[in-house]
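J.: What follows is a predicted structure for the sequence shown.
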Amino acid sequence: MEIKNILEWTLISECSIPQDVSKILISEETAIAAYKTFRDVAIFTNKRLIIKDIQGLTGTKVEVYSLPYSSILMWSTENAGLVDFNSEVELWTRMGTIKVKLKKGIDVRKFDTLLSNFILK
């Protein structure tokens, strides 16, 4: 059985945590780290991974993906090589896989540690 990619993002750099994310956090949830794409942002909290997908020409339409760590069954990380400049993280869920590409400069092992700290607790 082949599991298809249901979502894919490319993260280009670590960034500051957006102020407005506090509006969607629950009690006892804390934002830990954030990474930006070209227009979007991925936020690690102590409970889930949140992706803010900014859409449209004006950027006023925003879709928010919320991936509770409890729904991740397995993950893999792959560091960049000589020919392939991007690192990759793949998350397996019941619905399919989510692929996250990390541009050069993002520490894939820090990303792996963030996942380990929250998924394995």
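T.: Perfect, thanks for sending it. For clarity, every value in this text was computed on a predicted model and none was experimentally measured.

J.: mind listing the helices for this structure?
T.: Applying DSSP state H to the chain gives helices spanning 108-119.

J.: Just give me the residue closest to the centre of it.
T.: Residue closest to the average C-alpha location in the chain (C-alpha atoms, centre = their mean): Ala42, at 4.9 Å.

J.: what residues are up against that residue?
T.: 9, 11, 34-36, 49-52, 100 (C-beta atoms under 8 Å, 6 or more residues apart in numbering). Quick note: C-beta positions are derived from backbone N, CA and C, even for glycine.

J.: Ser76 too?
T.: By C-beta under 8 Å, 6+ apart, Ser76 lies in contact with 88-90.

J.: that older thread, name the residues linked to the residue nearest to the centre of the chain by a beta bridge.
T.: In this structure, Ala42 has beta-bridge partners Tyr35, Ile51, where bridges are defined by DSSP bridges.

J.: any idea how far it is from Leu49?
T.: Distance, Ala42 to Leu49, by C-beta to C-beta, to the nearest Å: 6 Å.

J.: quick one on the thing from earlier: can you lay out the contacts of Ala42 as a markdown table showing distance to Pro18, neighbour count and pLDDT?
T.: Shown next, in a markdown table, are these (distance: C-beta to C-beta, whole Å; neighbours: other C-beta atoms under 10 Å; pLDDT from 0 to 100):
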| residue | distance to Pro18 | neighbour count | pLDDT |
| --- | --- | --- | --- |
| Trp9 | 16 | 19 | 85 |
| Leu11 | 14 | 23 | 90 |
| Ala34 | 7 | 20 | 95 |
| Tyr35 | 11 | 22 | 93 |
| Lys36 | 9 | 16 | 91 |
| Leu49 | 14 | 21 | 93 |
| Ile50 | 10 | 21 | 93 |
| Ile51 | 12 | 20 | 90 |
| Lys52 | 7 | 20 | 87 |
| Val100 | 18 | 25 | 89 |
